[in-house]
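Student: Build me a model:
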Amino acid sequence: MPQTVDNTNGGVGSTSSSTNPNRRINSEASGTMQEFLKLIITITTGFLAFTVTFSEKLYNPNIDSIPSFLFATWIFMGLCISACLFALGSLVSHLDDNNNINNAIRTSNIAYFLLFIGVACFVIFSVTFDKEKYKNDIIRSELTAKEYLQRSDSSFYATANIIKKKWNEDNESYSFTFVSKTDTLSLEVDPKLQQILSYEK
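Tutor: Residues are numbered from 1 along each chain as shown. Now for the predicted structure:
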């Protein structure tokens, strides 16, 4: 009389059942990891969209160069999204491959690190922005004063040097004092409109 094999006790045919738990574990881990990666993508995309959309309020792109830490924020956020998409692709395409799942986990950790660095860059940008804005304002105002002087009095401009820069609290403007071989003059510049407010020689 032939014997029956009990597949539940590790006999013939138990191979397929023994692999099911591993696949189920991989599937659960993959699902959890996918949700985590999607959350990172959502946060990163929203943060990136916010900084790009309102960048004109943070600085003037027509005059200023992109602040270095703001630019670094965008770079790290873009890399974070790319890493998340790569990890998601690995999880979806290679569910049964433990090596690819491990690679996806490592990539997701890198994505999380890139997100952290991007946020840190934006915090540094926020803290240092006023100083950077002040620096850009005075550089632009000085260029405006020099261009005006060159157009209005080229002979004086040819030998002129700035000997004094001053911030005027009353009307929020910059004053520049130029001196040449024969004369001295002062120009007052509006840093917001980049216009000459007064000319005194």
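
Student: Look up phi and psi at residue 188.
Tutor: phi -120, psi 130 (degrees, to the nearest 10).

Student: Next, count neighbours for it.
Tutor: When neighbours are counted by other C-beta atoms under 10 Å, residue 188 registers 19. Using the backbone N, CA and C atoms, a C-beta is placed for each residue, glycine as well.

Student: Can you give me every residue that contacts it?
Tutor: Counting by C-beta atoms under 8 Å, 6 or more residues apart in numbering, residue 188 touches 168, 171, 173, 174, 175, 176, 196, 197, 198, 199.

Student: Tell me what it is bridged to.
Tutor: When assigned by DSSP bridges, residue 188 has beta-bridge partners residue 175, residue 198.

Student: Quickly note the distance from it to residue 116.
Tutor: 45 Å (C-beta to C-beta, to the nearest Å).

Student: Keeping just the C-alphas, turn stretch 181-197 into CSV.
Tutor: The C-alpha coordinates for stretch 181-197 follow below in CSV (Å, rounded to 0.1, in the frame of the first residue of the first chain):
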residue,chain,number,x,y,z
LYS,A,181,42.4,114.1,-8.4
THR,A,182,40.4,117.3,-8.5
ASP,A,183,37.0,116.9,-6.9
THR,A,184,34.7,114.9,-4.5
LEU,A,185,31.1,114.0,-4.9
SER,A,186,28.4,111.9,-3.2
LEU,A,187,25.7,109.7,-4.7
GLU,A,188,22.7,108.3,-2.8
VAL,A,189,21.2,105.1,-4.1
ASP,A,190,17.9,103.3,-3.4
PRO,A,191,18.8,99.6,-2.9
LYS,A,192,15.3,98.4,-3.7
LEU,A,193,14.7,100.3,-6.9
GLN,A,194,18.3,100.7,-7.8
GLN,A,195,17.8,104.4,-8.5
ILE,A,196,19.9,107.5,-7.8
LEU,A,197,18.2,109.6,-5.2
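
Student: Can you mark which positions in it are buried?
Tutor: 185, 187, 188, 189, 191, 194, 196 (16 or more other C-beta atoms under 10 Å).

Student: next one: that stretch to chain centre, how far?
Tutor: 35 Å (C-alpha atoms, centre = their mean, to the nearest Å).

Student: and residue 186, that one's in a strand?
Tutor: Yes. Judged by DSSP: H, G, I helix; E, B strand; the rest coil, residue 186 forms part of a strand.
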